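Engineer: coords please:
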Amino acid sequence: MIKQDIKVTVDAMVFDRSNGNTRILLIQRKNDPDKGHWAFPGGFVEDDEDLEAAALRELEEETGMKLKQLKQFCTVGTPGRDTRFRTVSIVYYTITEAALHQVKGDDDAADAQWFTITHLPPMAFDHHDILQQAIAQLKLS
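Structural biologist: Numbers count the residues shown, from 1 in each chain. A predicted model of the protein is given here:
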């Protein structure tokens with residue numbers, strides 16, 4: 001019998017393409033691992049929760065942003081991407097207008113801010129690599 005101990009997480013990449021710049025909404029991690037680094041809003045899926053609903057919930061809890069839907073971008077599960085345990089993350093995305101949303105860090109996010117995709121802060125986990133993949137595939141540069 002195979003025993004797995006894999007945690008399922010979701011992440012939300014929220015892009016803004018106004019004023020000729022493409023920006024991404026990031027949260028600053030309040031806790032380890034990667035405390036102080038920036039990441040996509042996201043977290044663990046609850047036992048009775050749909051994946052997209054979990055991503056929308058985490059986005060709202062960590063930034064205050066309320067959206068109705070997201071699109072699935074990719075699934076990542078490289079061993080070692082989280083130093084605590086094995087995680088598989090379903091990554092979602094949307095493109096919105098930042099001016100329509102007031103954001104602030106909450107829950108386990110110390111802060112929430114928009115960053116241009118050409119001037120990014122140090123990012124947690126493998127989020128920089130995922131973001132670069134999204135920029136190329138979604139033609140966001």
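Engineer: show me where the protein has helices.
Structural biologist: Secondary structure of the chain (DSSP state H): helices at 51-63, 127-137.
Engineer: Identify each buried residue in stretch 13-31, please.
Structural biologist: 13-16, 22-29 (16 or more other CB atoms under 10 Å). No exception for glycine: its C-beta is placed from N, CA and C like everyone else's.
Engineer: In those residues, find the pair that's most separated.
Structural biologist: 22 and 29 (22.7 Å; CB to CB).
Engineer: so how many other residues sit close to residue 35?
Structural biologist: Residues lying near residue 35 (other CB atoms under 10 Å) number 11.
Engineer: residues contacting residue 106?
Structural biologist: Remark: with contacts taken as CB atoms under 8 Å, 6 or more residues apart in numbering, residue 106 is in contact with 61-64, 112.
Engineer: got JSON lines for those residues, with neighbour count and distance to residue 121 too?
Structural biologist: As requested, the contacts of residue 106 are exported to JSON lines (neighbours: other CB atoms under 10 Å; distance: CB to CB, whole Å):
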{"residue": "61", "neighbour count": "16", "distance to residue 121": "21"}
{"residue": "62", "neighbour count": "29", "distance to residue 121": "16"}
{"residue": "63", "neighbour count": "25", "distance to residue 121": "16"}
{"residue": "64", "neighbour count": "16", "distance to residue 121": "20"}
{"residue": "112", "neighbour count": "22", "distance to residue 121": "12"}
